[in-house]
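Asks: Test case, fold it:
(chains A and B)
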Amino acid sequence: MNQAIRNSWVAAIALFALLFGAISYVQVVGADDLKANAWNNRAILQDYCNDRGAIIVGGNPVAESVPGTEQCGFQRTYPQPELYAGLTGYFSQNYGATGLEQSMRDQLAGSSDQQFLDRVGQLFLGSQPKGASVELTVDPAIQKLAYDLIPDGQRGSIVVTNPKTGAILAMASKPSYNPNLIATQDPTAEAANYTELNKVPGINLNQNVSGPTGEMLAPGSVFKLVTTAAALNSGKYNKDSELPNPAQMPFPGIAYTLPNYAGGNCYTRNTASFAFALQQSCNTPFASIALDLGRDAIAEQATKFGFGQDVGDQLKLAYAKGNGFPDDLDAPGLAQSVIGQKDVRVTPLQIAMMTAAIANNGVQMKPSLVKTLRSPDLRVIDEPKPETLRTSTSPEIAKQITEWMASAVSQGIAGGAGVPGVQVAGKTGTAELGNGLNNSWFTGFAPANNPQVSVTIAMEGVDITTGAKLTSPNAKKIFEAVLNK
Amino acid sequence: MTQLSTIPKPRRNVELLLLLLALSVGIGANMLVGVDKEKAFDSDFWFQSSLLAVAALAFHVVLRIRAKYADPVILPLVVGLNGLGLAMIHRLDAPGDDTGNNQLRWTLIAMAVAIAVIWFLKDHRTLRRFIYISLAVSALLLILPLVPGISAGEILGARVWIRLGPMTFQPGEIAKITLAIFFAGYLSSNRDLILLAGRKIGPLQFPRFKDMGPMITAWLVSIGVLIFQRDLGSSVLFFGLFIVMIYVATSRISWVVIGVALILGGGFVASKVFSHVGLRIDGWLNAFTEEVYGRQFGGSYQIVEGLFGMASGGLVGTGLGQGRPNLVPFANSDMIIASLGEELGLIGLFAVVMMYLLLFTRGFRAALGTRDAFGKLLACGLSFAVALQCFVVIGGVTRLIPLTGLTTPFLAAGGSSLLANWIIVGLLLMISHAARGPVDTTPLPAGNEPAAESSNKPTEAVKPL
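Replies: The predicted structure is shown next:
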């Protein structure tokens, strides 16, 4: 009998040996697979209920963690939800994170490499993990102004930067949404709100696009600045060049003709200087430059301005891939492309960066939203320095384009952006959508001789009059607000 | 036997020392979860801790008086496990929940009952008088949950609860003990009969068909539990208990072969015929398929969430109170192992499993040491039941085997389970007292029952099998 008891014990031990094996498998060997499983939302929940760092604008939080329930220690809230939704994004239990909540996730959660020592400290003190706060370069007054300048119900965005540093002073877009609706800890309400918000045209919660700032738009005439830079860079053209300016540009063999804008003063001359062509935004002079230089020269200049490339912003916004100049572009296509139509698509941020490069002597700075990263004890962990992204043009070409942009404001059709006592450089654009409506653009900077601020405005789907009202005059208000500070 | 040649030592002081260690583990864990909830050291904490300590020390004192040769490791192991369970349940309580205090109440009741068992029973051999009463009680306990009026109805797919006033109780837990008593008594009395006859097929000697009566009975009980109570775990446990006991009684591996064949056959048929068994197995095999994961009843959500929790615990765990075990359904009862694995890590969970291993090992040790066949069978059966129950639960949680609704002894929230397992501890302590103490040659007190004679039957101490 005793032998049988011993055997039973051995059997029990064998069962337990299996248990030790199974536990080891689950907790160590197979743990990484389990953690990576798509159904496993523990990773996000780990931060979700933690005390994440705040996102701060002008000393006030625009996203912060406040004490939540016993179940979930902290609740993410957005005190000025619609105004900053495009920047903060949301931090959701079921839908993940977008915007800065996503791109700065490690820092906000306190798990970035820079915060390694802090984590070690927390480990020994046994305190709850606490993330770093992120202070933005955004000026709250300018952000508010920009947001309010886009009428409710209008799709549009405004980007205000400091061209010398790349710092983003404001980035507003409409339609916006309330990220608190997605950050709620009530999963039912969260799902319902998500579905409801996604129905609004212009809001895409799914991707990491922050409203229209990440939207691909036809740039229209603001793209003529690229063509101008390409022309000057080729050496075939200089500031005194006279450009052909026919009212209609014919193409051999096909019926299509490219017209000049009928409303302006282009029709008054058959040839035009660069200054005149830019002031009045005539189409045919730029089309003839493009046909003269060829596709490659234009495409190369577009690439130098950053089109088709990652803009390197901290929001990790989507950008228009490809510079809009495919290899098999025909002559009419090229002519349309160089005036910002056909397949050329850009985001407002890309146009803002193009303008900033012109303002900054041809040097394009990396756009930056983060001013400082502070640990919970307010120590500065990181303070990103301005970074040069690329050289877009020579300083001489940049100066020349600036001069012509200034004349477009002082004497041309961008006059609405003029600020008394300050020389403003600017360029408007109107991209036809084919349904009688346009994307209306303004991009420019001030003061022209010592640029402090660059403003880019894009209004989608507007008629000519509304577009004119919503772009240049609004740019003026922003220039005044920034320069009078 | 070695006991005969050495002077028996009570080892009660060792027990006291280990008990203090066990209490410090349980109370320390409770303190940690309290610290984290920022309400440490409140009056509740001191009240609960001192109640547990007083009960454990009272148990110790009773052992000093009634069973001073009892195994000194068993009580501290159980107090440690129970204390850890209390801390974990307390930690998992959402605000307003009172599961922690309820578990403490049941712990105290269960310990009191176990003390009473030791105090009044004095000698485990007394139980031989109640063999057939045990059988009747087992039958009654197993039928109760099916009786209208008493039954608490179907809770989570199983009919294993009865309603007693405001609370529910799982009589099957107690039936585990009474069945073990019946099997031990029956087998120790009829062992020779079963052993003598039989046909030899190959290397195995198979019993006569009419000797298979108890086996068939046990099988029917298990299948009955499975069909009527829809309780796969208990079914496996009862049958496993019986197989081990008949194997130990006869030393014939053929019984194990028959038993395993019966349970596999029964299980296979059950999985095809009864949807609840089939769903369990499907939820085990296909846990990570969309359809099974999202299924509302019998899906794998619970087990997969438990696995996620354990994976997030990793080697060292998140620390008590730092993880998110409450994401797992039934985190404080069926899935408490996953909760412990998450917060204490592989290391902590290994320690817990090792405590169970030591516990059942000491039970088997008592079975080896005691001199009467009844005591051997009872101790062996109960110890194996504890081991098997742990295996079924932990194996289910770690997806080694299909998940069934058994409770983790001493850890999981639930009064019936605590009560039953503490009674088992009481019995094991008593048997170990007999095993480790000086040879008691006196006949049973008031030897007026017919079975008294059989207790003097020669056992393997004289005639090894």
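Asks: Tell me how many other residues crowd residue 79.
Replies: This is for chain A. Counted by other C-beta atoms under 10 Å in any protein chain shown, the residues lying close to A:Pro79 total 14. For the C-beta atoms, the positions are set from N, CA and C on the backbone; glycine is no exception.
Asks: hm, I was asking about chain B
Replies: B:Val79: 29 surrounding residues under other C-beta under 10 Å.
Asks: what's the single longest helix in the chain?
Replies: Picking chain A for this. Identified as the longest helix of chain A according to DSSP state H is helix A:2-24.
Asks: hmm, I had chain B in mind actually
Replies: For chain B, the helix with the greatest residue count under DSSP H is helix B:336-369.
Asks: got the angle for that one vs helix A:2-24?
Replies: Helix B:336-369 and helix A:2-24 are oriented at 160 degrees to each other (axes from the mean of the first three to the mean of the last three C-alpha atoms, to 10 degrees).
Asks: is chain B contacted by the longest helix of chain A?
Replies: Yes: counting by C-beta under 8 Å from any C-beta of the partner chain, chain B has neighbours in helix A:2-24: A:2-9, A:11-13, A:15-16, A:18-24.
Asks: Provide a list of residues in contact with residue 242.
Replies: Just going to use chain A. A:Glu242 makes contact with A:271-273, according to C-beta atoms under 8 Å, 6 or more residues apart in numbering or on different chains.
Asks: Actually, chain B is the one I wanted.
Replies: Counting by C-beta under 8 Å, 6+ apart, B:Phe242 has contacts B:179, B:183, B:214-215, B:218, B:222, B:259.
Asks: Can I get the residues you listed in TSV including secondary structure?
Replies: Converted to TSV, those look like this (DSSP: H, G, I helix; E, B strand; the rest coil):
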residue	secondary structure
B:Leu179	helix
B:Phe183	helix
B:Pro214	helix
B:Met215	helix
B:Ala218	helix
B:Ser222	helix
B:Gly259	helix
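Asks: Chain A: which of those is nearest?
Replies: Comparing the contacts of B:Phe242 against chain A with C-beta to the nearest C-beta places B:Gly259 closest, at 12.1 Å.
Asks: I'd say the closest one and B:Ile246 touch.
Replies: Yes: with contact defined as C-beta atoms under 8 Å, B:Gly259 counts as touching B:Ile246 (7.5 Å).
Asks: So for these two, which sits in the more crowded spot?
Replies: Neighbour count, other C-beta under 10 Å: between B:Gly259 and B:Ile246, B:Ile246 has more, with 28 against 20.
Asks: Quick check: residues of the stretch 351-465 of chain B near chain A?
Replies: Residues of the stretch 351-465 of chain B lying near chain A (C-beta under 8 Å from any C-beta): B:353, B:356-357, B:360-361, B:364, B:367-368, B:373, B:376, B:380, B:383-384, B:387-388, B:390-391, B:394-395, B:398-400, B:459-460, B:464-465.
Asks: So which bits of chain A are right by chain B?
Replies: Counting by C-beta under 8 Å from any C-beta, chain A sits next to chain B at A:1-9, A:11-13, A:15-16, A:18-28, A:30-32, A:34-35, A:37, A:39-40, A:42, A:45-46, A:49, A:70-71.
Asks: Pull out the buried members of the residues of the stretch 351-465 of chain B next to chain A.
Replies: Buried members of those, counted by 16 or more other C-beta atoms under 10 Å in any protein chain shown: B:353, B:356-357, B:360-361, B:364, B:367-368, B:373, B:376, B:380, B:383-384, B:387-388, B:390-391, B:394-395, B:398-400, B:459-460.
Asks: picking that back up, state the mean pLDDT of the longest helix of chain B.
Replies: Mean per-residue pLDDT for helix B:336-369: 95.
Asks: buried sites along that helix?
Replies: Those would be B:336-346, B:348-350, B:352-353, B:355-357, B:359-369, for helix B:336-369 by 16+ other C-beta under 10 Å.
Asks: same thing with stretch A:29-43?
Replies: Buried, per 16+ other C-beta under 10 Å, within stretch A:29-43: A:31, A:34, A:40-42.
Asks: can you pull the contacts of the closest residue to chain B within the stretch 351-485 of chain A?
Replies: Using C-beta to the nearest C-beta, A:Pro376 is the residue of the stretch 351-485 of chain A that sits closest to chain B, at 18.0 Å. Shown in contact with A:Pro376 (C-beta under 8 Å, 6+ apart): A:53, A:110, A:118, A:130-133.
Asks: And it, how close does it get to A:Asp186?
Replies: 28 Å (C-beta to C-beta, to the nearest Å).
Asks: Can you select the buried ones among the residues of chain A next to chain B for me in PyMOL?
Replies: Buried subset of the residues of chain A next to chain B, written as a PyMOL selection, criterion 16+ other C-beta under 10 Å:
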select buried, chain A and resi 1+2+4+5+7+8+9+11+12+15+16+18+19+20+22+23+24+25+26+27+28+31+34+40+42+46+49
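Asks: rewinding a little: report the two of the buried residues of stretch A:29-43 separated the most.
Replies: A:Ala31 and A:Asn41 (16.0 Å; C-beta to C-beta).
Asks: Lowest mean pLDDT among the helices and strands, pick that one out for the chain.
Replies: Because you didn't say which chain, this covers chain A. Least confident helix or strand of chain A, by mean pLDDT, DSSP states H and E, is helix A:116-125 with a mean of 65.
Asks: Off-centre distance for the next helix or strand after the longest helix of chain B?
Replies: Note on helix B:336-369: by DSSP states H and E, the next helix or strand toward the C-terminus is helix B:373-397. Here helix B:373-397 shows a centroid-to-chain-centroid distance of 6 Å under the convention C-alpha atoms, centre = their mean, to the nearest Å.
Asks: average pLDDT across helix B:373-397?
Replies: 95.
Asks: which helices and strands does it pack with?
Replies: On a contact count with 3 or more C-beta pairs under 8 Å, 6 or more residues apart in numbering or on different chains; DSSP states H and E, helix B:373-397 meets helix A:2-24, helix B:171-196, helix B:232-250, helix B:301-313, helix B:336-369, helix B:415-436.
Asks: how many degrees apart are the fourth one and helix B:373-397 in direction?
Replies: With the same axes, to 10 degrees applied, the angle from helix B:301-313 to helix B:373-397 works out at 80 degrees.
Asks: Centre of the chain to helix B:301-313, how far?
Replies: 24 Å.
Asks: elements contacting the host helix or strand of B:Ala56?
Replies: Per DSSP H and E, B:Ala56 falls inside helix B:43-66. Contacts defined by 3+ C-beta pairs under 8 Å, 6+ apart place helix B:43-66 against helix B:12-36, helix B:74-92, helix B:99-121.
Asks: closest to chain A out of these?
Replies: Per C-beta to the nearest C-beta, nearest to chain A of those: helix B:12-36, 8.5 Å.
Asks: neighbours around residue 105, how many?
Replies: Chain wasn't specified; assuming chain A. 19.
Asks: wait, chain B
Replies: Counted with other C-beta under 10 Å, residues neighbouring B:Arg105 total 14.
Asks: I'd like the distance from the closest residue to it other than its chain neighbours to B:Met167, if you could.
Replies: Once flanking residues are discounted, B:Arg105 sits nearest to B:Gly415: 8.0 Å by C-beta to C-beta, 6 or more residues apart in numbering or on different chains. Relative to B:Met167, B:Gly415 is positioned 7 Å away (C-beta to C-beta).
Asks: Neighbour count: the two, which is higher?
Replies: Neighbours were counted for B:Gly415 and for B:Met167 using other C-beta under 10 Å; B:Gly415 has more, 19 against 13.
Asks: chain center to whichever strand or helix holds A:Ala231: distance?
Replies: Assigned by DSSP H and E, A:Ala231 falls within helix A:224-234. Centroid separation for helix A:224-234 versus its chain: 24 Å, with C-alpha atoms, centre = their mean.
Asks: same deal with stretch B:52-68?
Replies: In terms of C-alpha atoms, centre = their mean, the centre of stretch B:52-68 is set 21 Å apart from its chain centre.
Asks: what about it, average pLDDT?
Replies: Averaging pLDDT residue by residue across stretch B:52-68 gives 94.
Asks: buried residues in that stretch?
Replies: B:52-53, B:55-56, B:59-60, B:62-63, B:66-68.
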